[in-house]
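In: okay, sequence plus prediction incoming.
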Amino acid sequence: MKGKFLLSAALVTGLTVSSALPVTYAHDELGDINIEKGERNADEISSVTVTEGSKNVKFLHETASVPLKEIREGVKNSTADVYAHKGFAYTGTHTAGGGNGGVRVFDLKDPSNPKEVAVFADQDIPGTWQEKVIVKTVNTKSFKGDLAVVSVQQLNSKDPNSKGGFLLYDVTNPYEPKKLGFYEVTKKTRGTHELYLTTQGDRVLVLASSPYADYYSHGKEKDFQLVDVTNPAEPKKLYEFDPRTLAEVDGSFDGYNWKAPDGKTRPVFNHSAYADENGKTAYLSFWDLGTIILDISNPENVKYEGRTAFASNQQGSAHSAALAKGGTVLIETREVYVPVKPGYEQSYGYTRIFDIKDKTNPKLLSEFKTDLTEDISENPTEQVTFGKTVHDPKVLGNTLYLSHYAGGVRAVDISNPSKPVQIGKYVPADANIWGVYVDRNYVLASDMGTGLKVLQKNNKSGN
């Protein structure tokens with residue numbers, strides 16, 4: 001079903017609940033809550049596609065909805081994150097069907113009819129899933145072309161044939177990806193969860209977040225690792241970081257539990273990593289410790305700059321980050337899927353926006369909440385759900401795009417970061433949107449159940 005964006009609404013997508021395997025994830029590894037990522041309650045599921053919007057998103061409409069191909073007969077893989085590069089979409093895969101769904105490559109020559117033309121990273125390591133993929137054009141003495149980095153996580157860390165970390169592929173010809181190398185993290189952790197690929201001149205770096213690496217390796221490896229992949233065949237770790245040694249952090253640590261100055265005990269682990277355009281600053285999402293900012297301009301001499309902080313009544317859950325306004329504004333999404341917790345506000349996860357002109361002292365400008373944020377059931381058994389929390393952020397110009405599981409994709413005007421305004425939403429039928437990626441000509445959304453969604457502009461009629 002197609003529709004156009006209407007005044008004063010938001011961009012959103014949705015999906016059916018996937019039949020994924022029950023696995024434990026970064027945010028609940030050491031906790032007492034274990035639900036399937038993307039799991040939703042029945043009252044969140046809508047069979048109606050909604051597309052609404054105003055301002056610069058009013059002409060966006062769904063032009064394509066493409067399921068993933070079955071690469072093994074009778075096995076349906078679920079979609080994870082999405083990325084685009086040079087007219088091709090790259091979608092990671094989640095755990096449904098036993099994982100090993102690899103990265104799917106779609107030719108977007110005709111965005112209204114994307115063609116899945118290749119799959120890679122699906123057979124390299126058994127018992128794994130390939131969530132995150134980033135693609136960049138690089139030029140070094142060892143490699144010239146388009147380089148893809150893919151996160152690898154284990155379904156069972158006790159499987160002797162499995163291992164986690166990240167894979168590197170040559171996708172210069174997207175129709176024929178070629179494996180270049182693999183970087184392995186400590187065997188006991190589940191692997192690299194989220195990551196980012198950046199360049200510093202002719203140097204190529206991967207920022208890898210491997211939650212609980214410090215815990216499971218007894219301090220031999222850290223949650224955040226900065227890896228030189230200038231030669232993709234020979235990844236080399238340059239630096240690793242864990243905040244427990246920072247004098248700048250008040251309070252004390254007991255393993256992965258931070259005893260904050262306000263008396264609360266909070267979880268702290270590295271969930272995601274992101275870098276600015278010139279690869280000089282890293283933004284690490286460290287859950288209840290906030291977003292940590294590191295100067296990585298000299299990878300051999302990394303320096304701590306600052307971090308965001310939460311109010312005492314806020315669950316932290318710093319999940320992912322994005323930048324706006326030339327890197328002077330930080331977008332922080334918080335994945336809170338347990339809205340009722342003693343001592344905290346009753347709320348699902350929402351977005352926070354910071355002024356980071358002074359990176360040593362991030363200043364909160366605003367908080368953006370959707371209609372789902374405080375839509376909390378009175379029934380405790382229906383409260384725990386991923387369906388109503390924000391997930392990942394992307395920015396193009398003055399528009400912030402947020403993936404929101406059952407809430408689809410939301411478009412937010414951040415021309416004035418102190419006063420964000422929702423200007424669009426796209427919620428496909430049975431939405432379960434994991435990721436969103438924006439380009440000048442289209443918006444891509446990855447739906448865990450139904451595959452790749454493509455929203456395209458039609459500036460003539462908006463139909």
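Out: That came through, no problem. Numbers count the residues shown, from 1 in each chain.
In: every contact and neighbour count from this point should use C-alpha atoms.
Out: Fine.
In: dihedrals phi and psi, Thr245?
Out: Note on Thr245: its backbone torsions stand at phi -100, psi 0 [degrees, to the nearest 10].
In: Thr199 bridge partners, please.
Out: As for beta bridges, Thr199 partners with Val204 under DSSP bridges.
In: contacting residues around it?
Out: Each residue near Thr199 by C-alpha atoms under 8 Å, 6 or more residues apart in numbering is listed here: Val138, Leu205, Asn278, Gly279.
In: in strands, which of those appear?
Out: Mapping these onto strands (DSSP state E) picks out Val138, Leu205.
In: columns pLDDT, distance to Asn113 and neighbour count on top of the contacts of Thr199, output as a markdown table?
Out: Shown next, in a markdown table, are the contacts of Thr199 (pLDDT from 0 to 100; distance: C-alpha to C-alpha, whole Å; neighbours: other C-alpha atoms under 10 Å):
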| residue | pLDDT | distance to Asn113 | neighbour count |
| --- | --- | --- | --- |
| Val138 | 97 | 29 | 17 |
| Leu205 | 98 | 34 | 23 |
| Asn278 | 95 | 34 | 11 |
| Gly279 | 97 | 34 | 19 |
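In: in a helix, Leu197, correct?
Out: No - if the criterion is DSSP: H, G, I helix; E, B strand; the rest coil, then Leu197 is strand and not within a helix.
In: burial count for the residue lying closest to it once chain neighbours are set aside?
Out: Distances taken as C-alpha to C-alpha, 6 or more residues apart in numbering place Val206 nearest to Leu197, at 4.7 Å, with adjacent residues excluded. Using other C-alpha atoms under 10 Å, Val206 has 25 neighbouring residues.
In: what's the distance between Val206 and Gln154?
Out: 19 Å (C-alpha to C-alpha, to the nearest Å).
In: contacting residues for the nearest residue to Phe241 once chain neighbours are set aside?
Out: Distances taken as C-alpha to C-alpha, 6+ apart place Phe224 nearest to Phe241, at 5.2 Å, with adjacent residues excluded. By C-alpha under 8 Å, 6+ apart, the residues touching Phe224 are Leu207, Ala208, Ser209, Ser210, Pro211, Glu240, Phe241, Asp242, Asn270, Ala273, Leu284.
In: who's the third one bridged to?
Out: Okay, so that is Ser209. Here Ser209, judged by DSSP bridges, has bridge partners Glu194, Phe224.
In: what of the last one?
Out: Judged by DSSP bridges, the bridge partners of Leu284 are Ala273, Ile292.
In: now Tyr401, nearest residue through space, not along the chain?
Out: Here the residue nearest Tyr401, using C-alpha to C-alpha, 6+ apart, is Ala411, at 4.6 Å.
In: my bad, should have said Thr137
Out: Nearest non-adjacent residue to Thr137, counting by C-alpha to C-alpha, 6+ apart: Asp146, 4.3 Å away.
In: was I right to think that neighbour contacts Val135?
Out: Yes - taking C-alpha atoms under 8 Å as the definition, Asp146 is a contact partner of Val135 at 6.6 Å.
In: from Gly191, how far off is the residue lying closest to Glu277 once chain neighbours are set aside?
Out: Among residues not flanking Glu277 along the chain, Thr198 sits closest, at 7.7 Å (C-alpha to C-alpha, 6+ apart). According to C-alpha to C-alpha, Thr198 stands 20 Å off from Gly191.
In: just the closest of the contacts of Thr199 to Ile376, please.
Out: The nearest member of the contacts of Thr199 to Ile376, counting by C-alpha to C-alpha, is Gly279 at 40.0 Å.
In: list the contacts for the residue nearest to Leu197?
Out: The neighbours of Val206, taking C-alpha under 8 Å, 6+ apart as the test, are Val149, Leu195, Tyr196, Leu197, Thr198, Leu226, Val227, Asp228, Val229.
In: quick one: mean pLDDT for the helix or strand harbouring Val105?
Out: Per DSSP states H and E, Val105 falls inside strand 103-107. For strand 103-107, the mean pLDDT works out to 98.
In: on that earlier part again, buried subset of the contacts of Phe224, written for ChimeraX?
Out: Selection command for ChimeraX covering only the buried members of those, criterion 16 or more other C-alpha atoms under 10 Å:
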select :207,208,209,210,211,240,241,242,270,273,284
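In: in a markdown table: the contacts of Phe224, plus distance to Ser446 and pLDDT.
Out: A markdown table is the format used below for the contacts of Phe224 (distance: C-alpha to C-alpha, whole Å; pLDDT from 0 to 100):
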| residue | distance to Ser446 | pLDDT |
| --- | --- | --- |
| Leu207 | 23 | 98 |
| Ala208 | 22 | 98 |
| Ser209 | 21 | 97 |
| Ser210 | 23 | 95 |
| Pro211 | 23 | 93 |
| Glu240 | 31 | 96 |
| Phe241 | 31 | 95 |
| Asp242 | 31 | 88 |
| Asn270 | 23 | 95 |
| Ala273 | 20 | 98 |
| Leu284 | 23 | 98 |
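In: gap between the residue nearest the centre of the chain and Asp430?
Out: Closest to where the C-alpha atoms of the chain average out (C-alpha atoms, centre = their mean) is Asp392, at 4.8 Å. From Asp392 across to Asp430, the span is 19 Å (C-alpha to C-alpha).
In: residue boundaries of the strands in the stretch 151-300 of the chain?
Out: With strands called from DSSP state E, counting those that start in this stretch, the stretch 151-300 of the chain shows them at 165-170, 178-184, 194-200, 203-209, 224-228, 236-241, 252-254, 257-259, 265-267, 272-275, 281-285, 291-295.
In: looking at these, which one has the lowest mean pLDDT?
Out: Taking the mean pLDDT of the strands of the stretch 151-300 of the chain, strand 252-254 comes last: a mean of 87.
In: in its sheet, what does that strand sit against?
Out: Strand pairing (DSSP bridges) places strand 252-254 next to strand 257-259 (antiparallel).
In: gap between the strand it pairs with and the chain center?
Out: Its chain's C-alpha centre and that of strand 257-259 lie 25 Å apart, by C-alpha atoms, centre = their mean, to the nearest Å.
In: what sits up against it?
Out: Contacts with strand 257-259, where a contact means C-alpha under 8 Å, 6+ apart, come from Gly251, Ser252, Phe253, Thr265, Arg266, Pro267, Val268.
In: again, 6 Å this time
Out: With contacts defined as C-alpha atoms under 6 Å, 6 or more residues apart in numbering, strand 257-259 is touched by Gly251, Ser252, Phe253, Thr265, Arg266, Pro267.
In: much appreciated, bye for now.
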